[in-house]
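Q: Pasting the sequence and the predicted coordinates here, then a few questions.
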Amino acid sequence: MAKIKYYYDTETCRYERIKTSTTDIVINALGLMFLCITFGFIFSLIYSEYFPSSKEVQLIKENEDLLYSYDLLQKEIENTNDMLANLQDRDENIYRVIFEMDPIPMEIRNAGSGGSQKFQDLLDKKLSREKLIHGTLKKVDQLRRKMYIQTKSYDDLVEMAKNKNKLLAAMPAIQPIANKDLKRFASGFGYRLHPILKVKKMHTGCDFSAPKGTPIYATGDGVVITVEFNRGYGKQVEIDHGFGYITKYAHMNEFNVKKGQKVSRGQVIGKVGSTGLSVAPHLHYEVIHKGKKKNPVHYFYNDLSPEQFEILVEMASRENSSLGY
């Protein structure tokens, strides 16, 4: 039963009954409702903050697991990149050096990302973790490209290894005339005094002094590509050995081969003479590898002992006059 409330009226000196209007009741009810809603909202916020629902707990757990897996994935990518870098280093500085193959340019080894539109479909989805996912996919894609380039490099190395015996037979690895005692070596590679002009000029091969008619030998297996007379080199023969190697034999007296003929290392291809710009009977011999003229002495390792090779290198370094150009 509701309590009846009174108040003391000073004018009538009597207790009068308090009458509550409908408006007051409605206002009081709305006020109470507002307070309940406000406190309920605040309580729900506090509860959700400190007491998440089971679904929220599950989502939080899944998010933590995903972040942990992401960190592991990043470490795996870094480890794989380190392993790949090691393989690239061995490929560049060991295998390619052994087989005398050109290095792979770094801009090719580093492999581009494939264009800015490669992951456009992913970007269009506006994912909440867009940068994280996009960055990871770019790293994986670049790693995949680097690995592909490395596998292609190994394919080339395998092919070169299969041809190693052919390469060893083709390389110009002996002296072009009989010279066991090294006494026929006259002038080396580098700037030398020109025998006719009497000025220093680049001598692109080495000279072997020998009597006219001394046999000249092919220094490696190959195919004769030039048999001709040249004003400077006189009678000359050029042999293409493959694998980027060409040898030139100049100032010859006579030829023993024809253009297009296959020759083997040690085969007589002609005789020593003094044709062209020459001041005495001798052989001018050159080694050309991939278009660049090399010091022939560095290839005389197949018919010399280590001691003889050192002596020949020292003789080749002396700045004397050449016998022809």
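A: Structure received.
Q: The stretch of helix or strand Glu254 belongs to pairs with which strands, and in what direction?
A: Using DSSP states H and E, Glu254 maps to strand 245-255. In the sheet, strand 245-255 lines up against strand 234-242 (antiparallel), strand 268-272 (antiparallel), strand 282-289 (antiparallel) (DSSP bridges).
Q: pLDDT (mean, whole number) over the shortest one?
A: What that stands for is strand 268-272. What strand 268-272 shows for mean pLDDT is 96.
Q: Just the C-alphas of it, formatted as CSV.
A: Presented in CSV, the C-alpha positions along strand 268-272 are these (Å, rounded to 0.1, in the frame of the first residue of the first chain):
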residue,chain,number,x,y,z
VAL,A,268,100.9,-28.3,-86.7
ILE,A,269,99.0,-25.4,-88.4
GLY,A,270,102.0,-23.7,-90.1
LYS,A,271,105.6,-22.6,-90.0
VAL,A,272,107.4,-19.7,-88.4
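Q: returning to what we had before: which of the strands paired with strand 245-255 is buried the deepest?
A: Comparing the strands paired with strand 245-255 by mean neighbour count (mean count of other CB atoms under 10 Å), strand 282-289 comes out on top with a mean of 24. Any C-beta I mention is one placed from the backbone N, CA and C, and that applies to glycine too.
Q: Give the buried residues for the helix or strand where Gln150 lies.
A: Taking DSSP H and E as the definition, Gln150 sits inside helix 130-162. When neighbours are counted by 16 or more other CB atoms under 10 Å, the buried residues of helix 130-162 are found to be 133, 139, 141-142, 145-146, 149-150, 153, 157, 160.
Q: could you say what helices and strands it packs with?
A: In terms of contacts (3 or more CB pairs under 8 Å, 6 or more residues apart in numbering; DSSP states H and E), helix 130-162 is packed against helix 54-90, helix 106-109, helix 120-124.
Q: how far does it sit from the chain's center?
A: Distance of helix 130-162 from the chain centroid (CA atoms, centre = their mean, to the nearest Å) equals 11 Å.
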